[in-house]
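J.: show me how the following folds:
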Amino acid sequence: MSEKKARPAVFLDRDGVINVDPVEFVTRPEELQLIPSSAEAIARFNATGVPVIVCSNQSGVARGLYTMQTLAQISQRLQEMLGEYGAHIDAFYYCPHDDADNCDCRKPRPGLLLRAAQEHGIALEHSVFVGDSWRDIMAGRAAGVKTVLVLSGHVKPEMLDSAEIKQHPPDHVAPDLQGAAEWILHQVNSCE
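T.: Reported below is the predicted structural model:
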């Protein structure tokens, strides 16, 4: 796709950004608990025509806690839940590996974002990745996108002074996806 046709996107981690981050893993669709304010933010992004793409590590597959088929069912349930708010995800990209697999798609590596950008004609330099951990911020930076750290999942306000966050500072910090929505929309719309 030519550079003129490339468009920005909003990349999102899943657990802790869209849905409540469980203590362990979401292993079945019925365990999924949506963060309602995140669904409202996604609906705002959808209304502007900006693609919303999930890029999430799901090492529970490698650990045998659930299968790729179950992961697809969880994604389908997430779409149904978001639909109740008039929202949807345009594409899902998952890394089913564990750290020991040394793959290119496991965050903090940027493989998921790069693959999504290539397959959807995304202008990375005008895009934003929202996550709830330093791994997300590192992956976003490595892919060349702006980064947002939300405090609705793994990282809590008292952890902002940690060495990991100081070494990998995000472009923006917000309490949750809804709290970052205006900043995100400004970033993705600034290329037009």
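
J.: and after the one helix or strand in the chain whose mean pLDDT sits lowest, which helix or strand comes next?
T.: When each helix and strand of the chain is scored by mean pLDDT, DSSP states H and E, helix 163-167 comes last, with a mean of 86. Downstream of helix 163-167, the next assigned helix or strand under DSSP states H and E is strand 172-174.

J.: return the list of helices and strands in contact with that next one.
T.: Contact here means 3 or more C-beta pairs under 8 Å, 6 or more residues apart in numbering; DSSP states H and E; on that basis strand 172-174 packs against strand 146-150, helix 177-189. (C-beta placed from N, C-alpha, C; glycine too.)

J.: now those in TSV, with distance to Thr70?
T.: TSV is the format used below for the helices and strands packed on strand 172-174 (distance: least, C-beta to C-beta, whole Å):
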stretch	distance to Thr70
strand 146-150	26
helix 177-189	25
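
J.: what comes up buried for the least confident helix or strand of the chain?
T.: Ile165 (16 or more other C-beta atoms under 10 Å).

J.: quick one: distance of it to the chain centre.
T.: Computed by C-alpha atoms, centre = their mean, to the nearest Å, the chain-centroid distance of helix 163-167 equals 20 Å.

J.: one step back: out of the helices and strands packed on strand 172-174, which is the most enclosed?
T.: Using mean count of other C-beta atoms under 10 Å, the stretch among those with the largest mean neighbour count is strand 146-150, at a mean of 26.

J.: show me where the chain has strands.
T.: 10-12, 52-57, 91-95, 128-131, 146-150, 172-174 (DSSP state E).

J.: quick one: the helices in the protein?
T.: For the chain, applying DSSP state H gives helices covering 36-48, 68-83, 111-120, 134-143, 163-167, 177-189.

J.: in the third one, what's buried?
T.: What that stands for is helix 111-120. Gly111, Leu112, Leu113, Leu114, Ala116, Ala117, His120.

J.: relative to strand 52-57, how tilted is it?
T.: 150 degrees (axes from the mean of the first three to the mean of the last three C-alpha atoms, to 10 degrees).

J.: equivalent analysis for the fourth one, please.
T.: Compare the direction of helix 134-143 with that of strand 52-57 by the same axes, to 10 degrees and you get 120 degrees.
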